[in-house]
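Colleague: After the sequence you'll find the predicted model.
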Amino acid sequence: MMVIVTENAPPRLRGRLAVWLLEIRAGVYVGDYSVKVRNMIWEQVEAGIDEGNAVIAWREKNESGFDFKTLGANRRIPKEVDGFKLVSFLPEIPEQEDFSAL
């Protein structure tokens with residue numbers, strides 16, 4: 001079983017993912033494929049994500065029972081701690097005030 005979640009993905013990538021996976025919500029795709037096919041699908045995401053971001057999670061024989069990869073800009077980043085992959089949050093970037101109109 002694998003799940004891919006995309007944000008701001010181009011329509012051509014969304015269409016390509018929908019060929020292989022079931023889109024159960026906007027940008028959320030699920031399927032059950034071999035490692036080889038999963039890697040091929042993720043390569044398609046890497047090639048077509050443009051300015052968007054994505055995450056893939058799949059069942060794995062480890063302590064947590066799953067593994068995941070991320071792609072693109074996002075505040076959530078994977079971090080390995082004592083053999084476990086966890087998620088760390090980057091601090092928010094404060095918005096700069098626009099004084100150009102003054």
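Modeller: Arrived safely, thanks for sending.
Colleague: Could you count how many residues lie near the residue nearest to Asp67 when sequence neighbours are not counted?
Modeller: Among residues not flanking Asp67 along the chain, Glu60 sits closest, at 4.1 Å (C-beta to C-beta, 6 or more residues apart in numbering). Placement of C-beta: from N, CA and C, glycine included. Residues near Glu60, counting by other C-beta atoms under 10 Å, number 12.
Colleague: Isn't Glu60 up against Lys69?
Modeller: No - in this structure, Glu60 is not within contact of Lys69 by C-beta atoms under 8 Å, at 11.4 Å.
Colleague: Would you map the strands across this structure?
Modeller: For the chain, the strands defined by DSSP state E cover 2-7, 22-25, 28-31, 53-59, 66-71, 76-81, 84-89.
Colleague: Show me what the third one is packed up against.
Modeller: Packing partners of strand 28-31 (3 or more C-beta pairs under 8 Å, 6 or more residues apart in numbering; DSSP states H and E): strand 2-7, helix 11-20, strand 22-25.
Colleague: And the contacts of stretch 43-60?
Modeller: Stretch 43-60 is contacted by residues 1-10, 12-13, 16-17, 38, 42, 65-74 when judged by C-beta atoms under 8 Å, 6 or more residues apart in numbering.
Colleague: Output the longest helix belonging to the chain.
Modeller: helix 35-48 (DSSP state H).
Colleague: list the buried ones in it?
Modeller: Arg38, Ile41, Trp42, Gln44, Val45, Gly48 (16 or more other C-beta atoms under 10 Å).
Colleague: go on, stretch 22-35?
Modeller: Buried, per 16+ other C-beta under 10 Å, within stretch 22-35: Gly27, Tyr29, Gly31.
Colleague: Tell me the spacing between the residue most central in space within the chain and Glu80.
Modeller: Closest to where the C-alpha atoms of the chain average out (C-alpha atoms, centre = their mean) is Val55, at 1.5 Å. When distance is defined by C-beta to C-beta, to the nearest Å, Val55 is 16 Å away from Glu80.
Colleague: Show me the shaky parts of the protein.
Modeller: Across the chain, the ranges flagged by pLDDT under 70 are 75, 89-91, 93-102.
Colleague: Show me what the nearest residue to Ala73 once chain neighbours are set aside is bridged to.
Modeller: Leaving aside its sequence neighbours, Ala73 sits nearest to Asn53 (C-beta to C-beta, 6+ apart; 5.9 Å). Taking DSSP bridges, one finds Glu7 as the beta-bridge partners of Asn53.
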